[in-house]
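> Pasting a predicted model and its sequence here:
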Amino acid sequence: MPSTAAPLSAGTLLAWDAMKIMSRTACRPFSLGRDGLMLGEGAGILVLETEAHARDRGLIPAIEVAGFGFSADAGDIVAPNLDGMTRAMSLALADAGLQAGDVAYINAHGTGTRANDRAETQALKRLFGDRPVPPTSSIKGVTGHALGAAGAFEAIATIMAIENGIAPPTANFDAADPECDIDCIPHQGRAMPIPVAMSNSFAFGGLNTALVFKDMRSN
């Protein structure tokens, strides 16, 4: 499952800047005063195998890809869609056979744009209903938005969060935004048990995905 992106070229930067969603300062997901995203680039690779195959090789499986959810709302090329986001997360939980309350940490799409972070917050609150939204952070303040590689980056970060029992922080956070009133783990990572985590990736054209990861070591 390799994913790469190299968007740091003049043409790509100009095209994204023309959409008026590039930050002039820094990417500040969920923060009051955020003014857009920053592009990043890199590569991420995840090697998936069945539990039986891993055990045949003498390994003790640690992390399970427990569920996957996908939606394609096709509502707008750039505007996030609340229903599509919620549906992808709900499908991932159903695929995993879990409830929203089982999720201990969420690695958000969290681009740092006003519209995305507001919509993702609303989708999370809809998903969790009367329950509080669990600690939720975005790593894009550190990695930038790596486009096609972003999902791989964030899946890897989510896996490492489970393995190490540390939820990564949301960097560059200035102040709480009433429209993003969730615990976004500002500034500093948080030591906490993470038996189940979700990673969100919401792309152009309303292509929304959510992955649910489960710690198999606690079984």
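Noted; the coordinates are in hand. Quick caveat: nothing in here was measured; it's all calculated off a predicted structure.
> Give me the buried stretch members for stretch 145-152, please.
Of all the residues in stretch 145-152, those buried under the rule 16 or more other C-beta atoms under 10 Å are 145-147, 149-152. No exception for glycine: its C-beta is placed from N, CA and C like everyone else's.
> all helices of the protein, in order?
Using DSSP state H, the helices of the chain run over 10-18, 51-56, 82-96, 114-128, 140-143, 150-164.
> For the nearest residue to Val142 once chain neighbours are set aside, give me its contacts.
Closest residue to Val142 apart from its sequence neighbours, by C-beta to C-beta, 6 or more residues apart in numbering: Ala171 at 5.0 Å. Counting by C-beta atoms under 8 Å, 6 or more residues apart in numbering, Ala171 touches 27, 139, 141-142, 187.
> For PyMOL, write a command that selects the buried ones of the residues you listed.
In PyMOL syntax, the buried subset of those is picked out as below (16+ other C-beta under 10 Å):
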select buried, resi 27+139+141+142
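> all strands of the chain, in order?
With strands called from DSSP state E, the chain shows them at 2-5, 42-45, 63-72, 105-107, 136-137, 166-167, 190-191, 196-203, 207-215.
> Would you format those as a markdown table with mean pLDDT included?
Shown next, in a markdown table, are these (pLDDT from 0 to 100):
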| stretch | mean pLDDT |
| --- | --- |
| strand 2-5 | 50 |
| strand 42-45 | 86 |
| strand 63-72 | 96 |
| strand 105-107 | 98 |
| strand 136-137 | 98 |
| strand 166-167 | 98 |
| strand 190-191 | 98 |
| strand 196-203 | 96 |
| strand 207-215 | 96 |
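> Minimum distance to Pro178: which of the ones you listed has it?
Nearest to Pro178, of all the strands of the chain, is strand 136-137, at 16.0 Å by C-beta to C-beta.
> What is the closest one packed up against?
Helices and strands touching strand 136-137, as assessed by 3 or more C-beta pairs under 8 Å, 6 or more residues apart in numbering; DSSP states H and E, comprise strand 105-107.
> which neighbours does the strand it packs on have in its sheet, and in what orientation?
Strand pairing for strand 105-107, using DSSP bridges, gives strand 136-137 (parallel), strand 196-203 (parallel).
> residue closest to the middle of this structure?
The centroid of the chain falls nearest to Ala108 when counting by C-alpha atoms, centre = their mean (3.1 Å).
> Was I right to think it contacts Pro135?
No. The criterion here is C-beta atoms under 8 Å, and Ala108 misses it with Pro135 at 10.3 Å.
> Common neighbours of these two, please.
Both Ala108 and Pro135 are contacted by Cys184, under the criterion C-beta under 8 Å, 6+ apart.
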